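> sequence and predicted structure, then a few things I'm wondering about:
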Amino acid sequence: DALYSQPTLLHVYDLYGPSEDTTYSTFVRREAGGQATIGRPLAGTDSFVLDARLQPVPLGVVGELYLAGAGLSRGYLLRPELTCERYVPNPFSTSGERMYRTGDLVRYQADGQIEYLGRVDHQIKVRGFRIELGEIEKRLLAHHAVHEAVVVARDSGHGTQLVGYVVSASQPQAAALDQELRAWLKETLPEYMLPAQLMFLEQLPLTPNGKLDRKALPEPDFNTAQASYV
């Protein structure tokens with residue numbers, strides 16, 4: 001009882017990392033109202049944000065996250081081809097070490113913290129523009145009325161179109177929220193990153209193990225979408 005009789009200052013730490021790097025690789029102490037990041041590497045872990053040529057990208061530029069250090073596992077059991085694909089030589093090591101290609105798109109912020117943006121396999125090209133779907137999702141989730149959001153690319157019959165699936169936090173009128181979210185996205189995103197359609201769901205479909213089931217997302221009707229083409 002004495003433990004709860006006085007106000008207690010609590011801190012929440014968020015830890016990021018794949019199992020291939022022994023589960024945890026970076027950490028950050030969450031602050032109320034602060035921007036969400038995955039923080040900085042744990043002691044004994046090295047992180048690199050690299051381009052397709054394994055060269056470091058400038059501050060603020062999106063790249064793929066690679067991990068190295070004491071926690072890196074040896075590879076996948078009885079899967080040498082996959083091991084060679086994901087565990088690559090570390091060009092910054094002088095002792096023949098390897099680093100793990102996470103497949104996660106990130107960028108360094110000005111304060112050195114790592115901002116998570118999405119997955120490499122969710123990076124697409126629409127009308128010649130390379131797009132990180134995670135950036136659009138992050139902007140949607142920053143709106144006070146959005147509880148969950150996911151953006152996918154769909155074939156409309158006239159090319160690839162972006163579709164946003166939204167679970168609202170307050171259940172307002174869909175038509176009004178649609179207009180509000182479009183205006184919200186236009187404030188910070190270029191035209192080519194704006195979804196052609198926003199679909200509002202009561203909940204996102206999940207797989208039996210609790211992950212997003214992208215294949216179960218409803219197909220949009222592009223015949224009713226208001227879009228202009230040049």
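Perfect, thanks for sending it. Residues are numbered from 1 along each chain as shown.
> now the spatially most central residue of the chain: phi and psi?
In the chain, the residue lying closest to the centroid (CA atoms, centre = their mean) is Gly118, at 2.2 Å. Main-chain torsions, Gly118, degrees, to the nearest 10: phi 150, psi -160.
> now Arg107
phi -150, psi 150.
> chain neighbours aside, what residue packs nearest to it?
Of all residues beyond its chain neighbours, the one nearest Arg107 is Val62 (4.9 Å), with distances taken as CB to CB, 6 or more residues apart in numbering. To be clear about C-beta, it is placed using only N, CA and C from the backbone, and glycine gets the same treatment.
> roughly how far apart are that neighbour and Asp104?
Distance, Val62 to Asp104, using CB to CB, to the nearest Å: 11 Å.
> what is the burial count for the residue nearest to Arg107?
Neighbourhood size, Val62 [other CB atoms under 10 Å]: 19.
> give the bridge partners for the closest residue to Arg86 other than its chain neighbours, please.
Spatially, and ignoring its direct neighbours in sequence, Arg86 is nearest to Arg101 (5.2 Å; CB to CB, 6+ apart). Beta bridges link Arg101 to Tyr66, judged by DSSP bridges.
> could you check how many residues crowd around Arg101?
By other CB under 10 Å, 19 other residues sit near Arg101.
> tell me if I'm right that it and Glu64 touch.
Yes: if you go by CB atoms under 8 Å, Arg101 and Glu64 touch, sitting 6.7 Å apart.
> any chance you could map the helices in this structure?
Under the criterion DSSP state H, the chain contains helices at 2-5, 80-86, 133-141, 174-186.
> tell me what angle the last one forms with helix 133-141.
Helix 174-186 and helix 133-141 are oriented at 120 degrees to each other (axes from the mean of the first three to the mean of the last three CA atoms, to 10 degrees).
> which parts of this protein are strands?
Using DSSP state E, the strands found in the chain span residues 12-16, 26-30, 40-41, 45-50, 63-69, 87-89, 98-108, 114-119, 123-126, 129-132, 146-155, 160-168, 197-201.
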